[in-house]
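1. Take a look and give me a structure for this.
(2 chains)
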Amino acid sequence: MTKKHTDPLERVAQEMKKCVKCGACRANCPAFGTFQREPATARGKVALAQHLVKGDITLDDGTYSAMSKCLLCGSCVDKCPNQVPTDEIVIAAREALAQRRGLTTFHKAVGQVIRNRKLMNLGALAAAVLGPIFFRKVPSTSGLRLRFPMPFIGGSRHIPQIAKKPFMKRHPEIIKGEPGKPTIVFFVGCMTNFVYTEIGEATLALFRHLGCTVIIPQGQQCCGLPGMSGGDLETVRELAEQNLAAIEKHQADYVMTACATCGGALHKLYPLVVGKRNPELKARLQAVADKTVDAAVLLQKLGLHPEETGTGQRMRITYHDPCHHRTAGIAKQPRALLKETPGLELVEMEGADRCCGLGGTFNVYHYESSLDINAGKSKAIIDTGADAVVTGCPGCIMQLSDGLKQAGDKTRVLHTVELLARKIRR
Amino acid sequence: MLDARTLQQLTDIVGAENIATGAQDLICYGYDATQMEFLPDAVVHPDSAEQVSRVLQLANKENFPVFPRGAGSGFTGGALPKGGGVVLVTTRMNRILRIDTDNLVAEVEPGVVTEAFQMAVEKLGLFYPPDPASLKFSTLGGNVAECAGGPRAVKYGVTKDFVMGLEVVLPTGAIIRTGGETVKGVVGYDLTKLLCGSEGTLGIITKIIFKLLPYPDSKKTMLTVFDSIDGAARAVSTIIKNKIIPTTLEFMDHATLTCVERRFNLGMPESARAVLLIEVDGDRDLIEKQAGQIHKLIEPLGLVQFRVAKDAAESEELWRVRRLVSPSLRDVNPDKFNEDIVVPRSKVPDVIRRIEVIQKRYDIPIVNFGHAGDGNIHVNIMIDKSVPGQLEKAHEAIKEVFQAALDLGGTMSGEHGVGLAKQPYIPLELNAEQIAAMKAIKGALDPNNILNPGKMLP
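-> Below you'll find the predicted structure:
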């Protein structure tokens, strides 16, 4: 019994030893920045995980709460002199705690929903129809169309409207391109499928413009990251296998995502947490991981000429780096494409690579702290005087839009592909 | 163990949200960068000198120890709650109270992060030079308590050289001010200097008055590579003898270069045996001239490479060599003892040679780098604790390294302090009379020995 519970932590026990508790992680951790208490730092979580392994700490709510105070943004790993993978340690600790104490009701519900595409489709339909009745309308130009009153936190969270028809229901599974051009599997992701369908449309248009064959595997599911936030690695494993099967059905040169989070799941998380018990599965996941590429990176690689696609309309923009891009080394490529787009003037904000505060379900569990982190981000965006903030992650788009609305600001929030695809979508 | 009534009184002082007794908080305030761990009974986060004073008054009344703590980034265990008691965290007191541009002074609370303070004064064209390696996360209170140093010490000095005055809560709970805001002042004992580097044993700092300088016009970074350690060391004394005081003279020995090269493949020349990273700052024309002079002066000393940064980006690239040292070291062995001895700068080659002998005798890798300009060498004894006998060997080697520094007219700690880690070695450097005098001071200020007991003095 105990053995099973410590398994996920044993996976990272060697890595934990690398932490010398120097405190360098205090400097950049957004969670520590807002909570200002040591258990919220990376070294604090490593220390707690070490005590979990030793078994000399009661696995009570305090440890669960400490582990929940992490956005998995990876900034501690970037700045750590010993490159301690605290993100992996936190994932393992959450899994160990979830095994021991069971999932929270909330995370159980999250798992139920993300494992069931039919339920998600149904829910999306209901939300699209019923949403406007329950929510107050705000101007559509904000990138957010609804306002969800949240009396218990004394404010109102701005959440986006669900699309009337999911992206995947609008398109066939295979969209044939020109012979000799690459074949691309498009891993759509829930936010793009159900909420920001325009991101999906723009991505599709761009790759069709390049003559690629685009495959949208109908069997694909949620990437599972929301489940991981609560330690529900079983759901992640289940979804990883389903996604793997859906992707492997097709011969493709690339597996492409327009969502930094989904990209992070396919590229890093799956091989890390799924294949441990099954080397054959791990090898297959690694093969998909090796083929996984972000939309902007692939567009640059395939030689997109933004002057053929962007509108040329004058616009001052600033770019926000999603954490799952930063940790994968994606920063220059989207900026290069945006800079080449006629009419766009890119101005850098302070701390462009700092987390926006979403962090999976961190945003739900620690909403006020999430807002606090987001407020700093909004200020940095507003200080640039840009007309729009551009990024490569629909999750960040939702969070940035919320932050800017809370700040009473009108800066637009757009995905890189939306700006790149403007002309060809007319 | 604290009883329920005492805990309630502590809660009354700091407020329920600023006291923690849960296992998680006790663990997270029980470590620092030494790899040692001691669990406290409670952690408090006071917000004012008055709250600190009340905690200390209660501690005297109820007889429990109090361990002041900033960011907990110390290398010698100065903030560790050995024996249990209350950890008092100063990070809520993190306001920059004022920056006086007429008199070039600033008043801050102890919990301000060093880099945040530097950035705030730099925005006004002012300069706070002390730059410990931990500046991005360590706090000013901790810097003062440990008298932190850094690469710029060769030209500007260390933390204590910038502290003009303090507000301190004495171990009995009395709140006093020391020093002031004037450059001159000779009334009474210099308690400010006594408290700088006192490692939280004589008082808890609640406000600091710092001296500031004008921000230097510009700076120039040079990376110089030598074919011998002697060449690098002679370069240091030659530069200074010729009346150029660089801001920084950072040094890396052959073992360090090998580590960095193996891990990051920087393309160092084959003949490289030592590197000096030199930085000069000041008037633009002057530093151009100085860079030229430095090149000419060190050329005959076995120089095999001389690179000058053209701009800030290139400067950062040159500094990268130095910054990569830390992540490279673990490739040698997983555990390290980072000792910070100091010798007169001309004795740097002698001490390195002595350390080479020690390394051979004990057969454990020792990697040296540090601040050659002020003779402060970081001696990294790399071991694998899981190998039987290595830990004991390391302790013996450390003792000999300290003795080597002392024999050459140096000291066994330049900037990390004594804390718990170096306490056993104190009699190597201080004699019985010196220790007795220090104990008399501690006894007079802290009659019940409640403030950071068991630290520094044996």
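2. Just give me the neighbour total for residue 112.
-> No chain was given, so I picked chain A. For A:Gln112, the count of nearby residues is 12 (other C-beta atoms under 10 Å in any protein chain shown). In short, each C-beta sits where N, CA and C put it, glycine included.
3. ah, no, chain B please
-> For B:Val112, the tally of surrounding residues (other C-beta under 10 Å) stands at 24.
4. That one reaches B:Thr139, doesn't it?
-> Yes: the criterion here is C-beta atoms under 8 Å, and B:Val112 meets it with B:Thr139 at 6.4 Å.
5. which neighbours do these two share?
-> The overlap between the contact sets of B:Val112 and B:Thr139 (C-beta atoms under 8 Å, 6 or more residues apart in numbering or on different chains) consists of B:Asn94.
6. how about low-confidence regions in chain A?
-> Applying pLDDT under 70 to chain A picks out residues A:1-6, A:125-159, A:275-276, A:425-426.
7. do that again at 80, thanks
-> When residues are selected by pLDDT under 80, those of chain A lie in A:1-7, A:56-61, A:101, A:104-107, A:109-110, A:112-113, A:115-161, A:274-277, A:311, A:425-426.
8. Strands along that one, start to end?
-> Secondary structure of chain A, counting by DSSP state E: strands at A:136-137, A:146-150, A:155-159, A:174-175, A:183-187, A:213-215, A:254-257, A:292-294, A:315-319, A:344-346, A:388-391, A:412-415.
9. mind giving me a markdown table with those and columns for distance to chain B and mean neighbour count?
-> Output for the strands of chain A, formatted as a markdown table (distance: least, C-beta to the nearest C-beta, whole Å; neighbours: other C-beta atoms under 10 Å in any protein chain shown):
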| stretch | distance to chain B | mean neighbour count |
| --- | --- | --- |
| strand A:136-137 | 34 | 10 |
| strand A:146-150 | 23 | 15 |
| strand A:155-159 | 21 | 18 |
| strand A:174-175 | 44 | 15 |
| strand A:183-187 | 34 | 24 |
| strand A:213-215 | 40 | 23 |
| strand A:254-257 | 30 | 26 |
| strand A:292-294 | 26 | 24 |
| strand A:315-319 | 20 | 21 |
| strand A:344-346 | 19 | 18 |
| strand A:388-391 | 24 | 24 |
| strand A:412-415 | 29 | 24 |
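10. which element is the residue of the stretch 201-350 of chain B found nearest chain A on?
-> Chain A sits closest to B:Ser326 of the stretch 201-350 of chain B, with a gap of 4.4 Å, by C-beta to the nearest C-beta. Assigned by DSSP states H and E, B:Ser326 falls within helix B:325-329.
11. by contact count, what packs against that helix?
-> Helix B:325-329 sits against helix B:254-264, with contacts defined as 3 or more C-beta pairs under 8 Å, 6 or more residues apart in numbering or on different chains; DSSP states H and E.
12. can you tell me if the helix it packs on touches chain A.
-> No: with C-beta under 8 Å from any C-beta of the partner chain as the criterion, chain A is not reached by helix B:254-264; the gap is at least 11.1 Å.
13. Show me what counts as buried in that helix.
-> By neighbour count with 16 or more other C-beta atoms under 10 Å in any protein chain shown, helix B:254-264 contains the buried residues B:His254, B:Ala255, B:Thr256, B:Leu257, B:Thr258, B:Cys259, B:Val260, B:Glu261.
14. Run through the neighbouring helices and strands of that helix.
-> With 3+ C-beta pairs under 8 Å, 6+ apart as the test, helix B:254-264 has strand B:274-282, helix B:325-329, strand B:366-371 packed against it.
15. In CSV, list the buried residues of helix B:254-264 along with pLDDT and distance to A:Ile174.
-> CSV is the format used below for those (pLDDT from 0 to 100; distance: C-beta to C-beta, whole Å):
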residue, pLDDT, distance to A:Ile174
B:His254, 90, 61
B:Ala255, 88, 60
B:Thr256, 90, 57
B:Leu257, 91, 56
B:Thr258, 89, 56
B:Cys259, 88, 53
B:Val260, 88, 51
B:Glu261, 86, 51
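16. residues from chain B in reach of chain A?
-> Within chain B, the residues that sit near chain A (C-beta under 8 Å from any C-beta) are B:20, B:22-25, B:27-29, B:31-33, B:35, B:37, B:71-73, B:91-92, B:113, B:115, B:134, B:136-138, B:326-327, B:330, B:334.
17. cutoff 7 Å now
-> Within chain B, the positions adjacent to chain A are B:22-25, B:27-29, B:31-33, B:35, B:71-73, B:91, B:134, B:136-137, B:326-327, B:330, B:334 by C-beta under 7 Å from any C-beta of the partner chain.
18. any idea how far the helix holding B:Ser326 is from the chain center?
-> Distance, stretch centre to chain centre, for helix B:325-329: 18 Å (C-alpha atoms, centre = their mean, to the nearest Å).
19. again, but for stretch B:440-457
-> For stretch B:440-457, the distance to the chain centre is 22 Å (C-alpha atoms, centre = their mean).
20. end-to-end on it?
-> Stretch B:440-457 has an end-to-end distance of 11 Å (criterion: C-alpha to C-alpha, to the nearest Å).
21. Give me the contacts around that stretch.
-> Identification of contacts with stretch B:440-457 by C-beta atoms under 7 Å, 6 or more residues apart in numbering or on different chains yields B:59-60, B:63-68, B:78, B:82-83, B:170-171, B:199-202, B:418-420, B:423, B:435, B:438-439.
22. Please indicate which of those are buried?
-> Counted by 16+ other C-beta under 10 Å, the contacts of stretch B:440-457 give B:59-60, B:64-68, B:78, B:82, B:170-171, B:199-202, B:418-420, B:423, B:438 as buried.
23. ok so, going back, quick check: closest non-adjacent residue to the residue of the stretch 201-350 of chain B closest to chain A.
-> A:Pro81 (4.4 Å; C-beta to C-beta, 6 or more residues apart in numbering or on different chains).
24. burial of that neighbour, as a residue count?
-> Taking other C-beta under 10 Å as the criterion, the count of residues near A:Pro81 is 19.
25. Show me what the helix of greatest length in chain B is packed against.
-> Counting by DSSP state H, the longest helix found in chain B is helix B:390-407. Under the contact definition 3 or more C-beta pairs under 7 Å, 6 or more residues apart in numbering or on different chains; DSSP states H and E, helix B:390-407 sits against strand B:335-342, helix B:348-362, strand B:376-383, helix B:426-429.
26. Just send the helices and strands packed on helix B:254-264 back as TSV, with mean neighbour count, distance to B:Thr101 and mean pLDDT too.
-> Listed next are those as TSV, based on neighbours: other C-beta atoms under 10 Å in any protein chain shown; distance: least, C-beta to C-beta, whole Å; pLDDT from 0 to 100:
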stretch	mean neighbour count	distance to B:Thr101	mean pLDDT
strand B:274-282	24	20	95
helix B:325-329	20	36	82
strand B:366-371	26	30	92
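27. tell me the contacts of the residue nearest to the spatial centre of chain A?
-> What sits nearest the mean C-alpha location of chain A, by C-alpha atoms, centre = their mean, is A:Thr261, with 2.6 Å. Counting by C-beta under 7 Å, 6+ apart, A:Thr261 makes contact with A:Cys223, A:Leu225, A:His324, A:Cys393, A:Gly395.
28. how near is the second one to chain B?
-> With distances taken as C-beta to the nearest C-beta, to the nearest Å, A:Leu225 is found 25 Å from chain B.
29. Ok, the fourth one next?
-> Using C-beta to the nearest C-beta, we find A:Cys393 at a distance of 27 Å from chain B.
30. I figured that residue was touching A:Thr257, is that so?
-> No: checked against C-beta atoms under 7 Å, the pair A:Cys393 and A:Thr257 is beyond contact range at 9.7 Å.
31. What parts of chain A come near chain B?
-> Counting by C-beta under 7 Å from any C-beta, the residues of chain A close to chain B are A:17, A:20-24, A:26-27, A:36, A:38-39, A:44, A:47-48, A:51, A:57-58, A:62-63, A:66, A:81-83.
32. which of those residues are buried?
-> Buried among those by 16+ other C-beta under 10 Å: A:17, A:20-24, A:26-27, A:36, A:38-39, A:44, A:47-48, A:51, A:57, A:62-63, A:66, A:81-82.
33. ok, which stretches of the stretch 301-426 of chain A are helices?
-> Listed in chain order, the helices of the stretch 301-426 of chain A (DSSP state H, counting those that start in this stretch) span A:306-309, A:323-326, A:332-340, A:362-365, A:367-384, A:394-406, A:416-420.
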